[in-house]
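Visitor: okay, structure incoming, though there's no sequence with it:
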């Protein structure tokens, strides 16, 4: 069940929204001032926040700012104000959408569904972005596992870091100095030939055993990662 935090100091409106959203199958928690909203968010992780702009204790803008420092949860601002500057300020502080009172509950429900769907898609894309693939090659940035066609490939930490950077920059010719800076670090004082050595290690563990061509030498530049 998806959770929605309603932050609204008009108690009748808050109760009305609570009943409507519960009817739609959402789990609801109410907060009637800004400080209570920040506390509720910290204690009760939710999927979306309906946030009134004009609140006692802390303004909706300040609540939004504080939440955005820690969380990307969708925030829809609700306010009686229709001034453009208020809308811009709310959006600049990180609100995802903005509705001016009075509003039709059907429109609010639609906007809630859109925000939740968009956020779910973003979460999937973020999770997917942690796994890099090129053909049958898969690199998991969280577990630091590498496999080709389901076969595990054992890499050292530096080999993994080098392969990760190459895959993140696929189809881009990278110089030895750039690889040295990004993978070994700017403070590295060793020979740039170390890049060639580790490229050879990767080729021995990927290109040669699986009869593929992933890491290409670009004459006069460096290396380029792509699957032929």
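Guide: All right, it came through fine. What you see is a predicted model; the values in this text were computed from it and never measured.

Visitor: how about the helices in this protein?
Guide: 11-23, 34-43, 60-68, 84-92, 105-129, 157-168, 176-179, 193-202, 208-210 (DSSP state H).

Visitor: from these, which stretch is densest packed?
Guide: The highest mean neighbour count among these, using mean count of other CB atoms under 10 Å, belongs to helix 60-68: a mean of 21. In this view, the C-beta of every residue, glycine as well, is placed from N, C-alpha and C.

Visitor: the domain parsing of this structure - what is it?
Guide: Structural domains assigned to the chain are 3-128, 131-225, following automatic domain parsing.

Visitor: export these to JSON lines and tack on mean pLDDT?
Guide: Converted to JSON lines, the domains of the chain look like this (pLDDT from 0 to 100):
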{"stretch": "domain 3-128", "mean pLDDT": "85"}
{"stretch": "domain 131-225", "mean pLDDT": "87"}
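
Visitor: coming back round to it: can I get the helices of the chain in JSON lines with distance to residue 216?
Guide: Listed next are those as JSON lines, based on distance: least, CB to CB, whole Å:
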{"stretch": "helix 11-23", "distance to residue 216": "55"}
{"stretch": "helix 34-43", "distance to residue 216": "49"}
{"stretch": "helix 60-68", "distance to residue 216": "43"}
{"stretch": "helix 84-92", "distance to residue 216": "45"}
{"stretch": "helix 105-129", "distance to residue 216": "24"}
{"stretch": "helix 157-168", "distance to residue 216": "10"}
{"stretch": "helix 176-179", "distance to residue 216": "14"}
{"stretch": "helix 193-202", "distance to residue 216": "10"}
{"stretch": "helix 208-210", "distance to residue 216": "15"}
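
Visitor: please name whichever of those helices is nearest to residue 224.
Guide: Residue 224 lies closest, by CB to CB, to one member of the helices of the chain: helix 157-168, at 8.4 Å.

Visitor: lovely, talk soon.
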